[in-house]
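Undergrad: Only the shape, not the letters, is given here:
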């Protein structure tokens, strides 16, 4: 967390109530966009937000959100993001009420090694610089700086 704070111009804010730590938030303000469908530049993200169980339902999470937002704005951020686990309905409701809107959804499952025989084999692109393998069952064009899906 501390390394990410240094890397992404972040801060950790700790909320104290009567001398006890009630919660904290971590805000990164210069996270580069990294998806092919995003513009160049960066965004801010509330990477961590936690209020201890005994301090919940008192407005502390909303106060931490507000503080994180003010910090991001002061650092010049033009977009603020936050992630939430799908089953965390209380946090999701808070974030939606605070003004966040769904942007991307990640779905999860246990992988299966058995695939239908009728499925085509994907194209495989090997990137020498990063040694990563990308598999796409679609057409693509590779340029010096980007993989373009056609």
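TA: In hand now; what should we look at? As the structure is a prediction and not an experimental result, all values here were calculated from the model. Numbers count the residues shown, from 1 in each chain.
Undergrad: Which residue ranges of the chain form helices?
TA: 2-7, 60-74, 89-98 (DSSP state H).
Undergrad: Next, the angle helix 89-98 makes with the second one.
TA: In this case it means helix 60-74. Relative orientation of helix 60-74 versus helix 89-98 (axes from the mean of the first three to the mean of the last three C-alpha atoms, to 10 degrees): 50 degrees.
Undergrad: buried sites along helix 60-74?
TA: For helix 60-74, the neighbour count (16 or more other C-beta atoms under 10 Å) marks 60, 61, 63, 64, 65, 67, 68, 69, 71, 72 as buried. Quick note: C-beta positions are derived from backbone N, CA and C, even for glycine.
Undergrad: Packing partners of it?
TA: strand 10-17, strand 20-32, strand 42-51, strand 80-82, helix 89-98 (3 or more C-beta pairs under 8 Å, 6 or more residues apart in numbering; DSSP states H and E).
Undergrad: can you check the first one too?
TA: In terms of contacts (3+ C-beta pairs under 8 Å, 6+ apart), helix 2-7 is packed against strand 10-17, strand 20-32.
Undergrad: how far out from the middle of the chain is that helix?
TA: Per C-alpha atoms, centre = their mean, to the nearest Å, the displacement of helix 2-7 from the mean C-alpha position of its chain is 15 Å.
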